[in-house]
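**Q** quick one, what's the 3D model for this:
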Amino acid sequence: MNTKILIIGACGQIGTELTQKLRSIYGNDNVIASDIRKLNNDIVNNGIFEVVNALDYNQIEHLIEQYQITDVYLMAALLSATAEKNPAFAWDLNMNSLFHVLNLAKAGKIKKIFWPSSIAVFGPTTPRNNTPQYTIMEPTTVYGISKQTGERWCEYYHNIYGVDVRSIRYPGLISWSTEPGGGTTDYAVDIYHKALKEGTYECFLSEETALPMMYMDDAIRATVEIMQAPSEAIKIRSSYNLSGVSFTPKEIAAEIKKHIPDFTITYKPDFRQKIADSWPASIDDSRAREDWNWKHEFDMASMTVEMLEHLK
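**A** Model prediction:
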């Protein structure tokens, strides 16, 4: 049977690049992009696009039947910093959209689901360095609570109903093609924009705040690879740790200075500092490397070169 893909939340930070990648692999007609509103962008203009509310079961079911969808990528979510401002809506969106898709798979209407988790599932009691796959998870953010709960439901639907759901705990993602989307790690995107435009950046985290990060190209590749892997290779059905690089604002500023010598950075930590302090500084992703041969390609130096070149 042909792979027919529906991406829910296709206009978001990850969804935008994921849609382009999947269309390049499977063809424009086999990848249906959808989001809550229709923007004037490449995703909408260069392929099939549908307006869909991720909270509307009937709308999703209708699209799945209309296009004979086999695989759903559920990318719609309220991110960490935004979710703190609207906890009830974040819980509703992040949880019920997942239930809709899991229940459609349980009913045999789709074959495979990709659902992203996040390093936000970890909390202040989690070992911060080289955080293991299996460890204490006591998230303190609305986003983290919803993602940890989602992991448990994914595992449950796989174990009880045989649903083929696959997931990655994304670290902070760095991309030149979309604007920051309200996440705590977004300083690492914004800093490049400001370095080029203004030559200076005021960071909302302290200079020594190490966080796990990944260049978007690596994250998209990991997403495609986990979905293309044979089902028996996917041994973890909650979510896989995934790692690229870890660095502090001070370290990334030093890397940027190699290309823009006059660049300066100042620090004014805000409410996002508390969120960052509850997250890991580095991640052990050996299970992803063993089970489905995951390998990252970009380090801080190569990522910085790419970011500055593309943003120019």
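**Q** how many neighbours does residue 46 have?
**A** 13 (other C-beta atoms under 10 Å). C-betas here are computed from N, CA, C, even on glycine.
**Q** identify the residue spatially nearest to it, adjacent ones excluded.
**A** Once flanking residues are discounted, residue 46 sits nearest to residue 28: 6.9 Å by C-beta to C-beta, 6 or more residues apart in numbering.
**Q** residue with max distance from the center of the protein?
**A** Within the chain, the residue lying farthest from the chain centre (C-alpha atoms, centre = their mean) is residue 262, at 32.5 Å.
**Q** so that one belongs to a helix, correct?
**A** No: counting by DSSP: H, G, I helix; E, B strand; the rest coil, residue 262 is located in no helix; its state is coil.
**Q** look up how far residue 200 lies from it.
**A** 9 Å (C-beta to C-beta, to the nearest Å).
**Q** now residue 85
**A** Residue 85 is 27 Å from residue 200, by C-beta to C-beta.
**Q** which positions in the lowest-mean-pLDDT helix or strand in the chain come out as buried?
**A** Least confident helix or strand of the chain, by mean pLDDT, DSSP states H and E, is helix 80-85 with a mean of 87. Of the residues in helix 80-85, 80-84 count as buried by neighbour count, 16 or more other C-beta atoms under 10 Å.
**Q** just put those residues in JSON lines and tack on distance to residue 100.
**A** Shown next, in JSON lines, are those (distance: C-beta to C-beta, whole Å):
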{"residue": "80", "distance to residue 100": "22"}
{"residue": "81", "distance to residue 100": "25"}
{"residue": "82", "distance to residue 100": "21"}
{"residue": "83", "distance to residue 100": "19"}
{"residue": "84", "distance to residue 100": "24"}
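**Q** nearest to residue 233, of those residues?
**A** residue 80 (30.2 Å; C-beta to C-beta).
**Q** nearest residue to the closest one other than its sequence neighbours?
**A** Per C-beta to C-beta, 6+ apart, closest to residue 80 is residue 143, 4.2 Å.
**Q** how about the helices in the stretch 101-250 of the chain?
**A** Along the stretch 101-250 of the chain, the segments classed as helices by DSSP state H, counting those that start in this stretch run 142-161, 187-197, 216-228, 249-257.
**Q** can you give me how far the longest one is from the chain middle?
**A** So that's helix 142-161. Between the centre of helix 142-161 and the centre of its host chain there is 16 Å, according to C-alpha atoms, centre = their mean, to the nearest Å.
**Q** pLDDT at residue 158, what is it?
**A** With respect to pLDDT, residue 158 has a value of 98.
**Q** rewinding a little: what's the closest of the buried residues of helix 80-85 to residue 118?
**A** Nearest to residue 118 among the buried residues of helix 80-85, counting by C-beta to C-beta, is residue 80 at 7.8 Å.
**Q** gap between that closest one and residue 180?
**A** Distance from residue 80 to residue 180, by C-beta to C-beta: 12 Å.
**Q** kindly report the same for residue 133.
**A** Between residue 133 and residue 180 the computed distance is 28 Å (C-beta to C-beta).
**Q** repeat that for residue 265.
**A** Residue 265 is 16 Å from residue 180, by C-beta to C-beta.
**Q** which parts of the stretch 1-150 of the chain are strands?
**A** 5-8, 31-35, 49-51, 71-74, 112-114, 117-118 (DSSP state E, counting those that start in this stretch).
**Q** reformat those strands as CSV; add mean neighbour count and mean pLDDT.
**A** Formatted as CSV, the strands of the stretch 1-150 of the chain follow (neighbours: other C-beta atoms under 10 Å; pLDDT from 0 to 100):
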stretch, mean neighbour count, mean pLDDT
strand 5-8, 26, 98
strand 31-35, 27, 97
strand 49-51, 16, 96
strand 71-74, 26, 98
strand 112-114, 21, 98
strand 117-118, 26, 96
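**Q** save the ones you listed as TSV, and put in distance to residue 192 too.
**A** Supplementary listing: those in TSV, determined by distance: least, C-beta to C-beta, whole Å:
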stretch	distance to residue 192
strand 5-8	26
strand 31-35	25
strand 49-51	29
strand 71-74	26
strand 112-114	28
strand 117-118	22
